[in-house]
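> based on what follows, work out the 3D shape:
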Amino acid sequence: MSSKKAPIDLESKNRGWPKGKRRYPKGIGAPKQPLSGYVHFLNERRESVRAENPEISFSDLSKKLAAEWSRQTEEEKNKYNEFAKKDKDRYESELVEYQQTDAYKQYIESQRSSESSASAPSKKKKKGGAPVSSKRSSFDESEGEDPPMVAGSTPNSSIFHIPIFTEEFLEHNKGRENELRQLRKQTTEFEEQNAVLEKHIESMKAAISKLEMETLQQRQSNASLHQHLESVRQLVLQGFRGVTVPGMTEPLSVRNVDQMVSTLLSLVEKNPNQNQALINSAKDIIARIDYGKISC
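Residues are numbered from 1 along each chain as shown. Sure thing, here's the model as predicted:
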């Protein structure tokens, strides 16, 4: 024997709600109320239409979607009404489970308390005794019907009256749209700046890579020249070993070979006649050097 109870009929508790509108329990744990076929259509098409018209306002977007819905054939509308039926079945199933919970019991108690408070003659009535509803019906409360139309309009009319679009709401939405346009403009400017910076960064990276390559080549060239210089020093050291050069007090070595060559050159330039024997000896040594041993 199943432990689930049949859902409590909430229609009897709809006092003060528009006639024909179902009252859905709200609160923690309550199932999400089902959507009408029209709302399923809105949810499917809204982003596509917005993408096609990026600057469209919220009210114009809703009117455009409503007009598009009115142009749908019955067969096309049935697709979304089927979605609504499945959503309603889902809601009924979840509602049965929700009615077994303590949260639902608390919700019922709160509704009873609210109704007791509202039983006082505080509601204004229209002529004829009909109570004025304090709430507007939303799209989500529709059971698959088309959106309301302006009096005198035809089923194919593109002008619809949507109750939630009050002047205050539209003004607030207009302000938000202006802010959104400013943000989009700033985003575009930042993206352009980022593109310029990225180009600069790429140029800097290319310049750094070029400098690194040139530095590496220069280091290799310096290393080759240094090796060449060391080879020349060794040949000069071997050729002039034992030769006495005026002004040199220490024996010739790797440390003072550069000094010896510099001193010898100075003697040749300043007093060539007085150092003719040394000059002839230096010429002979230089002529006998095997330059093939110099490392390249």
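> report the distance from the lengthiest helix in the chain to the chain centre.
The single longest helix within the chain, with elements called by DSSP state H, is helix 167-239. In terms of C-alpha atoms, centre = their mean, to the nearest Å, the centre of helix 167-239 is found 23 Å from the chain centre.
> then stretch 31-48?
28 Å.
> pLDDT value on Gly29, please?
Confidence per residue is given as pLDDT, and for Gly29 that number is 82.
> show the contacting residues for it.
The contact partners of Gly29, taken as C-beta atoms under 8 Å, 6 or more residues apart in numbering, are Tyr98, Thr101, Ala103, Tyr104. To be clear about C-beta, it is placed using only N, CA and C from the backbone, and glycine gets the same treatment.
> one more time with 7 Å
Applying C-beta atoms under 7 Å, 6 or more residues apart in numbering, we find Gly29 in contact with Tyr98, Thr101, Ala103.
> which of those ranks first by neighbour count?
Using other C-beta atoms under 10 Å as the contact criterion, the top neighbour count among the contacts of Gly29 goes to Tyr98, which has 18 neighbours.
> and it, what does it touch?
Contacts for Tyr98 (C-beta under 7 Å, 6+ apart) come out as Gly29, Ala30, Pro31, Tyr104.
> now Glu55, what's its secondary structure?
With DSSP: H, G, I helix; E, B strand; the rest coil as the basis, Glu55 sits in coil.
> and it, its phi and psi?
Geometry field for Glu55 lists phi and psi as phi -90, psi 10, criterion degrees, to the nearest 10.
> if we ignore the residues flanking it in sequence, what's nearest it?
Distances taken as C-beta to C-beta, 6 or more residues apart in numbering place Arg181 nearest to Glu55, at 7.6 Å, with adjacent residues excluded.
> neighbours of that neighbour, how many?
Number of residues near Arg181 (other C-beta under 10 Å) recorded here: 12.
> for Thr187, see how far away it is.
Going from Arg181 to Thr187 by C-beta to C-beta, to the nearest Å gives 11 Å.
> thanks a lot, see you next time.
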